[in-house]
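# Below are the sequence and a predicted model for it; my questions follow.
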Amino acid sequence: GDSVTQMEGPVTLSEEAFLTINCTYTATGYPSLFWYVQYPGEGLQLLLKATKADDKGSNKGFEATYRKETTSFHLEKGSVQVSDSAVYFCALDSGGSNYKLTFGKGTLLTVNP
Amino acid sequence: DVKVTQSSRYLVKRTGEKVFLECVQDMDHENMFWYRQDPGLGLRLIYFSYDVKMKEKGDIPEGYSVSREKKERFSLILESASTNQTSMYLCAARRNGGAFSYFGPGTRLTVT
């Protein structure tokens, strides 16, 4: 079945540091890939997505590239801010009519000033 | 913007109680989902519904049931709450052909 493996946290960085959160997946077919973010006390928000190989999703300075050859969708940001402190989830949708998402376990990011 | 709302942000119930968690979406989306979120386990799908009165089991349906009598409302029911159902519950909605799912703010349920 489908699965998502993402980097174990927690990750603690200083402001303006470079961020990478690794995500790899196993899926049949050609999944769509997502990063969702959960700020403290809130639900999940879509951060970015990519629907086919070599697509790059980007939003709020975050980027991730859909790499079919390595089955990866790593999240990166060049300079993190305190306000980026949150839990980040990698997820996939393998298509079909039910639109189910398969999630990774989440990575807690804390950015210190 | 799609709004997905959940009836309670925090809920405390006793073991054995029947518990209803309500989710409402305002954009006529066909598909609705209930997930539970636990530390170290991520989000796991409990049930989903692709149309009124239609439902399918997700990965962890045991101990839960659902109801979808109207398109905009999807209820999660714990018939007899147990302490191992203490968790964060997240509802989501997605339209057919939509690019992604919208999530509600979550209900943190504690069963004592």
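Great, that's in hand.
# what does the helix or strand bottoming out on mean pLDDT in chain A contact?
One helix or strand of chain A scores below all others by mean pLDDT, DSSP states H and E: strand A:102-103, with a mean of 92. By CB atoms under 8 Å, 6 or more residues apart in numbering or on different chains, the residues outside strand A:102-103 that reach it are A:1-4, A:27, A:36, A:89-94, B:35, B:42-44. Heads up, the C-betas are built off the backbone N, CA and C, glycines and all.
# Apply 6 Å and report the result again.
Residues outside strand A:102-103 that contact it (CB atoms under 6 Å, 6 or more residues apart in numbering or on different chains) are A:2, A:4, A:89, A:91, A:92, B:42, B:43.
# Can you tell me who the third one pairs with across the strands?
The residues paired with residue A:89 through beta bridges, assigned by DSSP bridges, are residue A:36.
# partner strands of the least confident helix or strand of chain A, parallel or antiparallel?
According to DSSP bridges, strand A:102-103 forms sheet pairs with strand A:86-93 (antiparallel).
# Now do the same contact list for residue A:71.
Taking CB under 6 Å, 6+ apart, we find residue A:71 in contact with A:24, A:25.
# What pLDDT does the model give it?
The model reports residue A:71 with a pLDDT of 95.
# how much space between it and residue A:79?
Distance, residue A:71 to residue A:79, using CB to CB, to the nearest Å: 28 Å.
# wait, which of the contacts of strand A:102-103 is closest to residue A:107?
residue A:89 (7.9 Å; CB to CB).
# number of nearby residues for the closest one?
A count of nearby residues for residue A:89, using other CB atoms under 10 Å in any protein chain shown, gives 25.
# can you pull the contacts of residue B:50?
B:30, B:31.
# Would you list the phi and psi of it?
phi -110, psi 0 (degrees, to the nearest 10).
# Check residue B:6 too.
Dihedral angles of residue B:6 (phi, psi; degrees, to the nearest 10) stand at phi -120, psi 140.
# How about the residues of chain A by chain B?
Within chain A, the residues that sit near chain B (CB under 6 Å from any CB of the partner chain) are A:42, A:43, A:44, A:46, A:49, A:99, A:100, A:103, A:104, A:105, A:106.
# what do you get if the cut-off is 10 Å, keeping everything else the same?
Residues of chain A found near chain B (CB under 10 Å from any CB of the partner chain) are A:1, A:4, A:6, A:8-9, A:32, A:34, A:36, A:38, A:41-46, A:48-49, A:51, A:87, A:89-91, A:93, A:97-108.
# Pass me the low-pLDDT residue ranges in chain A, would you?
Within chain A, the set of residues satisfying pLDDT under 70 comprises A:96-98.
# Please enumerate the strands of it.
A:3-6, A:11-14, A:19-21, A:23-26, A:32-38, A:44-50, A:56-59, A:62-65, A:75-77, A:86-93, A:102-103, A:107-112 (DSSP state E).
# try chain B
Remark: strands assigned in chain B by DSSP E are B:4-6, B:10-13, B:19-25, B:31-38, B:42-51, B:54-57, B:64-70, B:73-78, B:87-94, B:102-103, B:107-111.
# Nearest to residue A:64 among these would be which one?
Judged by CB to CB, the one of these that comes nearest to residue A:64 is strand B:42-51, at 17.4 Å.
# got the angle for that closest one vs strand A:86-93?
Strand B:42-51 and strand A:86-93 are oriented at 50 degrees to each other (axes from the mean of the first three to the mean of the last three CA atoms, to 10 degrees).
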